[in-house]
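Asks: only geometry, no sequence info:
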């Protein structure tokens, strides 16, 4: 199984599990490196560590130059598709899901776990952002047939629907509304997973996880968090993935690099919690992700 880690802030240096992956990676690549170089002959080609700390124009918003650098970095690492697990730091970089799903060349359903809808119309031209990547993906990716966003704060669902309806994009926004299903935070306990994908039962899935959908007992993130437990998230994924291929998975939602502790976690507790959750998610998806070839 391919695992790719995009390190934007350096926060993964405080997580032993991610550091183990870094130590076993085939290459540790930065934007200025010869990305395909081998650092140790025995290191695995299945783990790619991409150093994004020196790429400017990436925090919350990702400008076109940064997008081009990131795409080139992925290509030079020998990655040709969206298969496997992709980590990309805290929620400010959730727009990376758009870059990865752009690589999918078949109809699919996008399943997103997030405490926020990430469907804001652009406020600065057409720039890619953590708060609007889902909408931009729908605008530009003809292969996204259906989007399910699970765990969104109730009030944000109403707000984003009003914002999209009033935006001057017109019919395109109506199409987005028809393609997107929100499972509000208050609805998670009674979620009917067997009916979520009935109309798209043969389509493969791409799963995007922002850990801010999880409660403070399971994650420490840099955004306000929901109430979903990790066990319940895994149960939902297990149910919706029955008899369906998962193309790939991405995971974000680390703490901020300058996090100094809060009422829920000290710095050390936050790192230990996120480390455990990341490890558990990798082990969980190892049993679900089946390569399409090889």
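Replies: Nice, I can see it. Being a predicted model, the structure only gives us computed values, none of them experimental.
Asks: Quick check: buried residues in the longest helix seen in the chain?
Replies: The longest helix of the chain (DSSP state H) is helix 267-286. Within helix 267-286, the residues that count as buried by 16 or more other CB atoms under 10 Å are 270-279, 281-282, 284-285. Every residue, glycine included, has its C-beta placed from N, CA and C.
Asks: ok now that helix, how far from the chain's centre?
Replies: 15 Å (CA atoms, centre = their mean, to the nearest Å).
Asks: outside of it, which residues touch it?
Replies: 1, 3, 14-18, 85, 87, 209, 211, 214, 218-220, 230, 234, 237, 246, 249, 251, 253-255, 259-261, 265 (CB atoms under 8 Å, 6 or more residues apart in numbering).
Asks: Among those residues, name the buried ones.
Replies: If you count burial by 16+ other CB under 10 Å, the buried members of the contacts of helix 267-286 come out as 3, 14-15, 17-18, 85, 87, 209, 211, 214, 218-220, 230, 237, 246, 249, 251, 253-255, 259, 265.
Asks: Which of these fall within helices?
Replies: Among these, the members falling in helices (DSSP H) are 17-18, 230, 237.
Asks: among the residues you listed, which two are most distant?
Replies: Using CB to CB, the two most remote members of those are 18 and 237, lying 20.9 Å apart.
Asks: Tell me the spacing between residue 1 and residue 162.
Replies: Residue 1 sits at a distance of 41 Å from residue 162 (criterion: CB to CB, to the nearest Å).
Asks: Which stretches in the chain count as helices?
Replies: Secondary structure of the chain (DSSP H): helices located at 16-24, 64-76, 96-101, 133-140, 154-166, 171-179, 193-196, 230-240, 267-286.
Asks: quick one: buried residues of the second one?
Replies: What it means is helix 64-76. Buried residues in helix 64-76 (16+ other CB under 10 Å): 66-67, 69-70, 73-74, 76.
Asks: model confidence over it, on average?
Replies: Summarised as a single mean, pLDDT over helix 64-76 is 97.
Asks: so how far is it from its chain's centroid?
Replies: 17 Å.
Asks: Output the contacting helices and strands for that helix.
Replies: If you count contacts as 3 or more CB pairs under 8 Å, 6 or more residues apart in numbering; DSSP states H and E, helix 64-76 packs onto helix 96-101.
Asks: Make CSV out of the buried residues of helix 267-286 and add distance to residue 153.
Replies: Shown next, in CSV, are those (distance: CB to CB, whole Å):
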residue, distance to residue 153
270, 21
271, 25
272, 26
273, 21
274, 21
275, 26
276, 25
277, 20
278, 23
279, 27
281, 22
282, 27
284, 25
285, 26
